[in-house]
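Enquirer: let's see this in three dimensions:
(one chain, ligands or ions: 2)
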Amino acid sequence: MKAQQAKTVTKGDWKVTMTPDDVYRNPMEIAWTFDYALGRGKVEDLYRRAKQNQWDSDEILPWSTPVDPSKPLVSDRSSLFYQMPFFNKLSKSQRETFTAHSTAQLLSQFLHGEQGALMTAACVTHSVPDATAKFYAATQTMDEARHVEVYSKYCDKIAMVYPMSPWLKALIDATLKSDRYEKVMIGMNMIVEGLALGAFNNMYHSTTCPLLKAITFNVMRDESRHVSFGHAYLGPVIAKLDEAAREDLAEFAFNAVNIIVQSMKASDGQSLASRADPGFMEVLANSGIDADDFFAGLEEAAALGITQELPPGQIHSLKDLMLPAIARVGLITPTVRKKYEEVGIPISEDVHILNAMEGGNPQAMAAE
Ligand SMILES: [Fe+2]
Ligand SMILES: [Fe+2]
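Expert: Numbers count the residues shown, from 1 in each chain. Ligands and ions are numbered 1, 2, ... in the order given. Now for the predicted structure:
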């Protein structure tokens, strides 16, 4: 393959550098099918729901809403950082600048992650062997294109875009480079979308911007179908696999979850705060906050138990969505259970929040 040149993409004054690693081949098999009959199960229901619930962002979103990027887009009480003693010693303007930039960094992950979802959904469309699943995956591909579009337009409004966090890129790259459609669905429909659904829920409940709230509400309704698909299609497929094939998928799921957990250790999985994330270090620099002081403040908060408490109305993606989704389809085997224990990831199998989110009603999710 011809070597790619690194190049820089700009959004206003903001620059995101692309590298040669951003173009690669995947080893996936493409599967034709000549059985075009739709099944009558949950996957067909999801396909019908997807057809009925397509939406045009130009028509239904209030794009004329004024957005002031210098003001925080989320309420103080929903922020982990506002609970840190260190953070409350900063000046009001420094806190506001940090909140504006850290929110922009999070929204940038929504944007880049949605592009990953767009490509994985397309990948499932051509690799899954079942016609109904192909139809469904095609609707998800359209959903994801719409999600990239809306978050890109919103990032234009705030005129800030941060680079993709290395762990999120590594996670989606591992998914796209995998050799089986089952792994793509595990990586995307269970793990990345579990993470995203939790993050969208938290953004929906914490944002003070009516436009961002409306965007997130509509995106979440689509995402709840995407997470349901992982279970509805893959559950029966995994149940029929032999032990070695199931172990291979369980191992893939563990490695994907571990990428997230190791990267978010500093804040107990609640924020992007990490020294290993150049984007987050840029957030600190743009806010005039010394990195050593910040991370000492985060350690102090962890010692006080603050990082383990969820702000009001928030859910924990790993505990409430991702792990229950993995456990539900039988991918916590005795072998990988030991691996989760070794790295200190508690297995949670309680599916009640996952079920509520899959119901697709963010108002109901608020009650959780
Ligand atoms: Fe999406
Ligand atoms: Fe999605």
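Enquirer: helix or strand right after the helix ranked longest in the chain?
Expert: Longest helix in the chain, counting residues (DSSP state H): helix 92-127. Next helix or strand after helix 92-127 toward the C-terminus (DSSP states H and E): helix 131-158.
Enquirer: buried residues, that following helix. List them.
Expert: Buried positions in helix 131-158, judged by neighbour count with 16 or more other Cβ atoms under 10 Å: 131-141, 143-144, 146-148, 150-151, 153-155, 157-158. From N, CA and C alone the C-beta is placed, and that goes for glycine too.
Enquirer: and the pLDDT for residue 360?
Expert: On pLDDT, residue 360 comes in at 65.
Enquirer: ok, residue 221 next?
Expert: 93.
Enquirer: check whether the helix or strand harbouring it comes near ligand 2.
Expert: In the assignment (DSSP H and E), residue 221 maps to helix 210-239. Yes - counting by Cβ under 5 Å from the ion, ligand 2 has neighbours in helix 210-239: 223, 226.
Enquirer: name the nearest residue to residue 345, ignoring sequence neighbours.
Expert: Spatially, and ignoring its direct neighbours in sequence, residue 345 is nearest to residue 261 (5.5 Å; Cβ to Cβ, 6 or more residues apart in numbering).
Enquirer: what about that neighbour, distance to residue 115?
Expert: Distance, residue 261 to residue 115, by Cβ to Cβ, to the nearest Å: 23 Å.
Enquirer: cool, residue 176 as well?
Expert: Counting by Cβ to Cβ - residue 176 and residue 115 are separated by 11 Å.
Enquirer: quick check: residue 227 touching residue 190?
Expert: Yes - using Cβ atoms under 8 Å, residue 227 and residue 190 qualify as a contacting pair, with a distance of 7.3 Å.
Enquirer: give me the more crowded residue out of those two.
Expert: residue 190 (28 against 23; other Cβ atoms under 10 Å).
Enquirer: any idea of the pLDDT on that one?
Expert: 92.
Enquirer: now residue 75: how far from residue 118?
Expert: The gap separating residue 75 from residue 118 is 30 Å, by Cβ to Cβ.
Enquirer: hmm, I typed the wrong one, I wanted residue 271.
Expert: Counting by Cβ to Cβ - residue 271 and residue 118 are separated by 25 Å.
Enquirer: re the thing from before, could you name every residue contacting both of residue 227 and residue 190?
Expert: residue 325 (Cβ atoms under 8 Å, 6 or more residues apart in numbering).
Enquirer: list the buried residues in stretch 25-39.
Expert: Neighbour counts using 16+ other Cβ under 10 Å place residue 28 of stretch 25-39 among the buried residues.
Enquirer: do stretch 191-211 as well
Expert: Within stretch 191-211, the residues scored as buried using 16+ other Cβ under 10 Å are 191-207, 209, 211.
Enquirer: stretch 272-286 now?
Expert: Buried positions in stretch 272-286, judged by neighbour count with 16+ other Cβ under 10 Å: 272, 273, 274, 277, 279, 280, 283, 284, 286.
Enquirer: downstream of the helix holding residue 221, the next helix or strand is which one?
Expert: helix 243-263.
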